[in-house]
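*Asks:* Give me the fold of what follows.
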Amino acid sequence: MTNQTPSISERVATYLKRTAFLPGTRFQELPGDASVRRYVRVIPPSGQSRMLLVHPEAIDPLSLSFLSVGSLIERMGIQVPAVGGYAADLGIVELEDLGDLTLQQFLTKATPDERAGRYREAVAIIVTMQHQGRKLESNEFVPFRLAFDVDKLMSELEFFIDHFLLDARGVTLAAQQRTSLQEELRPLAAELSAEPRVFCHRDYHSRNLMVHEGHLYVLDFQDARMGPNTYDLVSLLRDSYVDNPNDLVETMIDEYLRLTGNNDATEFRRRFDIMSVQRQLKALGTFGYQSAVAGTTRYEDAVPRTLHSLAAVLKRHSRFNRLRSLLSFHLTELE
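*Replies:* I've put the predicted structure just below:
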């Protein structure tokens, strides 16, 4: 073996030779996302197709967060793709193939009733993760040892400054301008960090939920950690990839409050909006990095939607007046 890492196709071909796949089996790499991992569909001449999750390098199954967190979520009673095997040296995990119908794609043809039904199911999954997470909480599992603390939240906000403002939008920030932004963002991070923490998927949106055999399955859970109970709900309802009507958002917030027995709707909505600001700025940082640094255009359509949603939240709360003023000087969409 040379010092050069074999390509994805070379490693997949090696995996197929090692395992029980029939001669004539084909494979195709699926479009990538913001992760360094790649999905490859394996299509045998007969029988069920499978999905390979290919990491950029060799893996240690005992410490691989995808496997451990997947096992944890499965114990919660939530449906995730079944693991069929792995090859540690090739960086490959074999998974059940859930098809191509993400929640995002489902919504493009869904009736209002179908949309509401799927969102109720998605909200119920959040409640289950939070409820079962309390029961299963243990240092044995990595997510319970990680949290959205001030440092983590601020690192995501700094990522927004570096990769959306500076890289993607070409903004030049004077030292004092950056300091002024940090002075507005750090109290936001501190307030969110101080909230009681629950189990958070961390990337719970329409591209990471699959509609399969009549149910929602959860993907890309490997970065789960502890955080505010608004985090996953914001990711779902203020999704950068779909346009959710305000009445649907409000109805699903009410559904979450009903399922959790929370009677303080006003306070919850206030916290929901605060979490929205951090989450949307974080998303913009990711989109900026992907376009300006990684060179992909896959997220360009998500930027206007995210900025529009962010502007609405900033305008709704006077506490964000200065932050909005500082940002809108560079981002006219927020004016």
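*Asks:* and residue 51, that one's in a strand?
*Replies:* Yes - under DSSP: H, G, I helix; E, B strand; the rest coil, residue 51 sits within a strand.
*Asks:* Centre-most residue in this protein?
*Replies:* Taking C-alpha atoms, centre = their mean, the centroid of the chain lies closest to residue 203, which sits 1.7 Å from it.
*Asks:* low pLDDT regions in the stretch 1-150 of the chain?
*Replies:* Within the stretch 1-150 of the chain, the ranges that satisfy pLDDT under 70 run 1-3, 32-34.
*Asks:* The residue nearest to the centre of the chain - nearest residue in space that isn't next to it in sequence?
*Replies:* residue 220 (5.5 Å; C-beta to C-beta, 6 or more residues apart in numbering). In this view, the C-beta of every residue, glycine as well, is placed from N, C-alpha and C.
*Asks:* before we move on, what about residue 177?
*Replies:* residue 326 (7.4 Å).
*Asks:* Name all residues that make contact with that neighbour.
*Replies:* Counting by C-beta atoms under 8 Å, 6 or more residues apart in numbering, residue 326 touches 177, 180, 181, 184.
*Asks:* now, the most widely separated pair of the residues you listed?
*Replies:* Greatest spacing in the contacts of residue 326, by C-beta to C-beta: 177 and 184 (11.4 Å).
*Asks:* Now find how far off-centre the helix ranked longest in the chain is within its chain.
*Replies:* Taking DSSP state H as the criterion, the chain has its longest helix at helix 265-292. Chain-centre distance of helix 265-292: 12 Å, with C-alpha atoms, centre = their mean, to the nearest Å.
*Asks:* what's that helix packed up against?
*Replies:* Judged by 3 or more C-beta pairs under 8 Å, 6 or more residues apart in numbering; DSSP states H and E, helix 265-292 is in contact with helix 150-160, helix 175-193, helix 231-237, helix 246-260, helix 302-316.
*Asks:* per-domain residue ranges of this structure.
*Replies:* With automatic domain parsing as the criterion, the domains of the chain are listed as 8-96, 103-334.
*Asks:* now do the same end-to-end measure for the last one.
*Replies:* One end of domain 103-334 to the other measures 28 Å (C-alpha to C-alpha, to the nearest Å).
*Asks:* And residue 229, which helix or strand is it part of?
*Replies:* Assigned by DSSP states H and E, residue 229 falls within no helix or strand.
*Asks:* Leaving out sequence neighbours, find the closest residue to it.
*Replies:* residue 198 is the one closest to residue 229 (C-beta to C-beta, 6+ apart), at 4.7 Å.
*Asks:* Who does the one you found form a beta bridge with?
*Replies:* Here residue 198 sits in beta bridges with residue 227, going by DSSP bridges.
*Asks:* How about the contacts made by it?
*Replies:* Residue 198 sits in contact with 129, 130, 133, 134, 226, 227, 228, 229, where contact means C-beta under 8 Å, 6+ apart.
*Asks:* Against residue 295, how distant is it?
*Replies:* Using C-beta to C-beta, to the nearest Å, residue 198 is found at 36 Å from residue 295.
*Asks:* Residue 140 now?
*Replies:* Relative to residue 295, residue 140 is positioned 40 Å away (C-beta to C-beta).
*Asks:* of the two, who's got more company?
*Replies:* residue 140 (10 against 7; other C-beta atoms under 10 Å).
*Asks:* re earlier: can you give me the buried ones in the longest helix of the chain?
*Replies:* 268-269, 271-292 (16 or more other C-beta atoms under 10 Å).
*Asks:* go on, stretch 307-316?
*Replies:* Residues of stretch 307-316 classed as buried: 307, 309, 310, 311, 313, 314 (neighbour count, 16+ other C-beta under 10 Å).
*Asks:* on that earlier part again, quick check on the contacts of residue 198: which are buried?
*Replies:* Those of the contacts of residue 198 that meet the buried threshold are 129, 130, 133, 226, 227, 228, 229, by 16+ other C-beta under 10 Å.
*Asks:* Check the offset of stretch 261-276 from the chain's centre.
*Replies:* Relative to its chain's centre, stretch 261-276 lies at 21 Å (C-alpha atoms, centre = their mean).
*Asks:* what's the answer for stretch 11-29, then?
*Replies:* 30 Å.
*Asks:* what's in contact with it?
*Replies:* Identification of contacts with stretch 11-29 by C-beta under 8 Å, 6+ apart yields 6, 8-9, 38-47, 52, 54, 85, 87, 90-92, 94.
*Asks:* Select from these every entry located in strands.
*Replies:* 38, 39, 40, 41, 42, 43, 52, 54, 85, 87, 92, 94 (DSSP state E).
*Asks:* out of these, which is most surrounded?
*Replies:* Neighbour-wise, the ones in strands among the contacts of stretch 11-29 (other C-beta under 10 Å) top out at residue 52, 28 neighbours.
*Asks:* Quick check, it in contact with residue 93.
*Replies:* Yes - using C-beta atoms under 8 Å, residue 52 is in contact with residue 93, at 7.2 Å.
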